[in-house]
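**Q** Have a look; sequence and predicted model below, questions after that.
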Amino acid sequence: MVGIRVVTTFVAAAVTVVAVVLAVRAVWRMVAVIRLGQPDPSRFAGKSVRLRRMLAETFGHTRMLKWSVVGAAHWFVMVAFIVLSLL
């Protein structure tokens, strides 16, 4: 019984090490891509238009509703998360 416990502990540790290495490598690549970007000088232009579009997309789910049932289900899940987080 002790041998099985040692083997399973070793396998779990090895899987954890591999998962951590892969996760760090993926994050490192994402950071490298993000660092390639340049600031957008027009980023803060048209704040009211961008705010209206963001609110319409968030509460109206205009893009997600193109998929009818899936979009509606996604909207209900979003509302449920908001309601539950406020509770």
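**A** Arrived safely.
**Q** How many residues are close by I4?
**A** The tally of other residues near I4 (other CB atoms under 10 Å) stands at 8. For every residue, glycine as well, the C-beta is placed using N, CA and C.
**Q** Could I get the average pLDDT for the host helix or strand of it?
**A** Counting by DSSP states H and E, the element that carries I4 is helix 2-36. The average pLDDT for helix 2-36 rounds to 95.
**Q** One more: stretch 75-87?
**A** For stretch 75-87, mean pLDDT is 90.
**Q** and it, how far out from the chain's middle?
**A** In terms of CA atoms, centre = their mean, to the nearest Å, the centre of stretch 75-87 is set 17 Å apart from its chain centre.
**Q** Identify each buried residue in it, please.
**A** By neighbour count with 16 or more other CB atoms under 10 Å, stretch 75-87 contains the buried residues W75.
**Q** Kindly report the same for stretch 46-54.
**A** In terms of neighbour count (16+ other CB under 10 Å), stretch 46-54 has no buried residues at all.
**Q** returning to what we had before: toward the C-terminus from the helix holding I4, list the very next helix or strand.
**A** For helix 2-36, the following helix or strand on the C-terminal side (DSSP H and E) is helix 47-60.
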